[in-house]
Structure formats: C-alpha cells, structure tokens
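In: 3D, please:
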Amino acid sequence: MKIGEFAQKFDTKKSTIRFYTEKHLLLPKLNGTYPDYDEQCLVDMEHIQLLKNMGFSIDEILKLKSKERLFVTYTPPHRSHLDEILEKKIEEHRIEIHLRKKMINEIAAYKSKMIQEKQMPEIGFPFEALPLLECPKCHRAFTVNNASIQGTQIVSGSLSCSCGLSYQIIDGILVQTQITDSFFESRPLEELDISNLITNEHMAQMKNCGTELSSIIKTWDHKKGIIFLNADTDILMMQLNEIFVEDGLYIFCSSEYTSLNLLRRKMSTKDCKGNLVFLCLGDDIPLIDSIPYMVDIAGNVFDTITGSPVNTFTKVKRILPQGMTCLLLGLDPFLTDPSNMQAYLNLYDSAGFYISSSKDLGIMKALGSAFSERFDYHDLFLRLYQLNK
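Out: Model prediction:
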C-alpha cells in the first residue's frame, strides 16, 4: 500500500506516516525505492494510535514497540520492563485526574463567586444630604413621607413641597414623581452593546484618566460636596471611588435611571466611603446652589448617545455657584466633528465658566464605532478640561 492510501486509511497526513517510518515505528517493505505499507504496518499503526490515545509519548511508544518486537510473549523476566512503563503512565494519569478535578472545583467556585451578587447593605439616600435639597420651583425645603429607613439612610419614600412638587426615593435613588413604568425599562444607553469593543487598552486608558482626575479631586474639600454629572460605572473603571473619604459627600446625577442604578448596585459591593447620593435628573435638579465642585463625564457626547431631547447640562445649570471648579472629561471627535466639543463648551461659557487648563489624554481607537448609528466618527480623543466660574 502506498503512503497516500495508507495515510488516508487512518485519516492522517503523509508527513505523520513519514515521521513514524523515520522513527521505525512503522517498518514498510521497500518496493523498488518506494515504501510499501503491508498488513503488519496496519497492525502497528492501529497500535500506535491506541497508545497515543492512552496518552503515551512517541518516546514511550518507541520503547513499547521495541519490546513488543523483541519478545513474542512477556515472560516474568521481561514483564517488569513493561510493568514499569505502564504503571508509570497509570500514575501520571491518576495525578492528572486529581489536578483536573481540582481545576473543575476551582472553576465551579469561581463561577459561583462571579454570578452571585455580593450581599451588601443597600445604598439609600443619606439623612445627612437632606439639607442639600430644595424645591427647584419655590426653593423651600422638602417634607419626607412614608420613608423606609435602613440605618441612617432612606431606601424608599417620597419628598414633597408645599407648592405641590414632589419626588420619590426608589431603591435609594431620587427621581421625579411623574414617572411611568417605561421609565425603568432599558434606555438607549443600555441598548448599546459595546462589550465586544471595550478592550484592555481602553480599560488602561480609563484608569489613566482616573489617575489624572484623582490628582486634582484629591485637593478638593470633599465635605462640601462633589457632583458627578452623567455618572455611570466609568467612575468605578477610573477608580475614582478609591479617593472618597468618610466625611465626603458625593452626588451622582444622570438622566439614565438604569445606568445610575447599576452604578449604585456596584458601589454597594465596593463598600465606598462617604455619603453617596443618587439623583435621576428630570426637568430640574432639586439641589441647593452651594456645591463647589463638579466632574462632568463625557457630557459632550452623553446626550447624543442617549437621544435625550434636553441637554443634561441645562438641568444642572441653575445650581452651579460662582467660584465652582469643574473637571470635564471630554470624548472629543475634534478631528472630524470640531463643532461637537465646542458646542458643549459654549454651554459652560454661557453659564459663566472659563477654561483654566486642558490636557490631551490619548485616543480611544475604534470605540466610536459602538455609536455608529449616532456618530460619523470612529476614534474618540480623550481631553481633560478644568473650568472655573
């Protein structure tokens, strides 16, 4: 039998048959200058495949085949050689089975740990933050009604003003009362699947952005309060929560309830320091106008991504006091769409802010394609602005 036919019979490559032949595992007859693979070669090949399936290496198979050919039967003087090789392989497999079982148990434990939501106390609305709230319509204080309290926090309840304006606290998040069931459904931001586009490089860039932001935020007086505008889990990706302090006040604002709730839930597993306030923005923000610091995360693209008809910045514009310092992390498509960033900066200008510094933080390549239905650009340029009022 020629080598091609022989290889095809065992569903293998001719190069493999040549290798076995060169190693003398197969001993074909010579038909002129060509090897002829006879019946014994068929038997040998079946034996080789059997031993390979048992986990024997080529060197081990060579030893077994040489002994098989040397001894017609394994009498006691020769059996010890065979037993030594086979027992060694059996022990190797026993060890491998033990290690595999251990790996399976570790994977199962890891899976359980990853999918099981960490049981931590729910983050509610802190009582200490109530004095920071006022009715945006008449500027009076709110009355707390039907509150479900956990420790020093309000998990659920309502806030009402004598003028008729009211808010609800749902799962620790302050929202406007005039909401429908559709409010809690998936929103445009949640419909964007960017999980396959976010790479480790993107993660590293976000961490670097967090380092830049943290170096400035650390110098602020956290007790006076910091507003995080367009807050989502990027805050955790940038590890900004690691610079929170026990007596700090951190106010997370977004028009996207689902993103805000996801951030709240993830923060509950981080055991973050400070008083954490979550505000889902409606037509206006019920905060007093004395909080001196704000971090705006990608506000120039946030509303375009979410399809919001009203710019988020305009909802907080009323409560931004004179002397406020703001850090704006812009995802800037300035090479292809310079008007996007400039239009957003114009909003700050109209509110009395000026740019005191700016710094380029690199390019997020290919991330823009996640928003291809909303944008015409591919790469996003990271730029950090510091603005003062």
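
In: Glu92 and Gly55 touch, don't they?
Out: Yes: between Glu92 and Gly55 a contact is recorded at 7.3 Å, counting by Cβ atoms under 8 Å. Backbone N, C-alpha and C define where each C-beta goes, glycine included.

In: ranges for the strands of the chain?
Out: Counting by DSSP state E, the chain has these strands, from start to end: 29-31, 34-36, 125-126, 143-150, 153-160, 166-170, 173-176, 226-229, 249-254, 275-280, 293-297, 325-332, 354-364, 380-388.

In: and the helices in the stretch 201-350 of the chain, which stretches?
Out: Along the stretch 201-350 of the chain, counting by DSSP state H, counting those that start in this stretch, helices occupy 234-237, 257-270, 299-306, 312-316, 338-350.

In: what's the closest of these to Lys137?
Out: With Cβ to Cβ as the measure, helix 312-316 is the member of the helices of the stretch 201-350 of the chain nearest Lys137 (13.9 Å).

In: what is the closest one packed up against?
Out: Here helix 312-316 touches strand 226-229, strand 249-254, helix 299-306, helix 338-350, going by 3 or more Cβ pairs under 8 Å, 6 or more residues apart in numbering; DSSP states H and E.

In: now the ones you listed in JSON lines, with mean pLDDT, mean neighbour count and distance to Asn261?
Out: Below are these laid out as JSON lines (pLDDT from 0 to 100; neighbours: other Cβ atoms under 10 Å; distance: least, Cβ to Cβ, whole Å):
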{"stretch": "strand 226-229", "mean pLDDT": "95", "mean neighbour count": "24", "distance to Asn261": "15"}
{"stretch": "strand 249-254", "mean pLDDT": "94", "mean neighbour count": "24", "distance to Asn261": "10"}
{"stretch": "helix 299-306", "mean pLDDT": "69", "mean neighbour count": "21", "distance to Asn261": "15"}
{"stretch": "helix 338-350", "mean pLDDT": "81", "mean neighbour count": "15", "distance to Asn261": "26"}
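
In: including distance to Ala147, could the ones you listed go into a markdown table?
Out: What follows is the helices and strands packed on helix 312-316, written out as a markdown table (distance: least, Cβ to Cβ, whole Å):
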| stretch | distance to Ala147 |
| --- | --- |
| strand 226-229 | 24 |
| strand 249-254 | 20 |
| helix 299-306 | 31 |
| helix 338-350 | 36 |
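
In: and those: which comes nearest Leu260?
Out: strand 249-254 (4.6 Å).

In: that closest one vs strand 293-297, what angle?
Out: 30 degrees (axes from the mean of the first three to the mean of the last three Cα atoms, to 10 degrees).

In: which residues does strand 249-254 contact?
Out: Contacts to strand 249-254, defined as Cβ atoms under 8 Å, 6 or more residues apart in numbering, come from residues 128-129, 132, 222-232, 235, 244, 260, 263-264, 274-281, 285, 287, 291, 312, 316.

In: how does it look with 6 Å?
Out: 225-231, 260, 274-279, 281 (Cβ atoms under 6 Å, 6 or more residues apart in numbering).

In: what of stretch 314-333?
Out: With contact meaning Cβ under 6 Å, 6+ apart, stretch 314-333 is reached by 213, 281, 285, 287, 289-290, 292-298, 300-301, 340-341, 351, 377, 380-381, 383-389.

In: and those residues, which of them are buried?
Out: Neighbour-count burial (16 or more other Cβ atoms under 10 Å) applied to the contacts of stretch 314-333 gives 213, 281, 285, 287, 292-298, 300-301, 340-341, 351, 377, 380-381, 383-385, 387, 389.
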